[in-house]
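**Student:** Fold the following and give me the result.
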Amino acid sequence: MIWFSFIVSILFYAGIVEWMQRRATETVTAQNNSLHPILLVLVAICFLAAGISKYLLLRIPAEKINLDTETLAGRLVTASLVSLALSEAICLMGFAEYFILRNYNSFYLFFIVAMLGMIMHMPRYPKWKTYLEQMTGTTLPEELQ
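**Tutor:** Just a heads-up that it's a prediction; the model follows:
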């Protein structure tokens, strides 16, 4: 459900851009594109940070391997939220660039990268189940009830 709300939020940004683009009587494009490379670097950092933060949050030190399943599941939720938020930040940068430079195509570049990040970091029960089983040594049910 949380993943779905992140998807809806970036679709909302796309809807606003589409609405504004269609209401515009004339196309206004800024001549100064000096902001674009900076935003592309920030996008690359966010995309990499989403994966790195998930890895760091899910890494368990050897001395804490006996954590209970509930604590480990909480770490999974936190790691997923951080990764999804960083993916949404990519779309927000494109949204901000659209308002500053009115660069319609550039927004969709950021949108696609954000959507790709969200799909990559989508919470999946089989992945979570495997992680929890490896860390706790217990077997979990095949499906949630």
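**Student:** which stretches of the chain have low pLDDT?
**Tutor:** Applying pLDDT under 70 to the chain flags residues 25-36, 54, 56-67, 69, 136-138, 140-141, 143-145.
**Student:** Quick check, central residue of it?
**Tutor:** residue 87 (2.3 Å; C-alpha atoms, centre = their mean).
**Student:** That one contacts residue 46, doesn't it?
**Tutor:** Yes - with contact defined as C-beta atoms under 8 Å, residue 87 counts as touching residue 46 (7.3 Å). Glycine gets a C-beta too; all of them are placed from N, C-alpha and C.
**Student:** what residues do those two have in common as contacts?
**Tutor:** residue 117 (C-beta atoms under 8 Å, 6 or more residues apart in numbering).
**Student:** And the helices in this structure?
**Tutor:** All helices of the chain, identified by DSSP state H, fall at 2-23, 35-58, 69-101, 104-120, 125-136.
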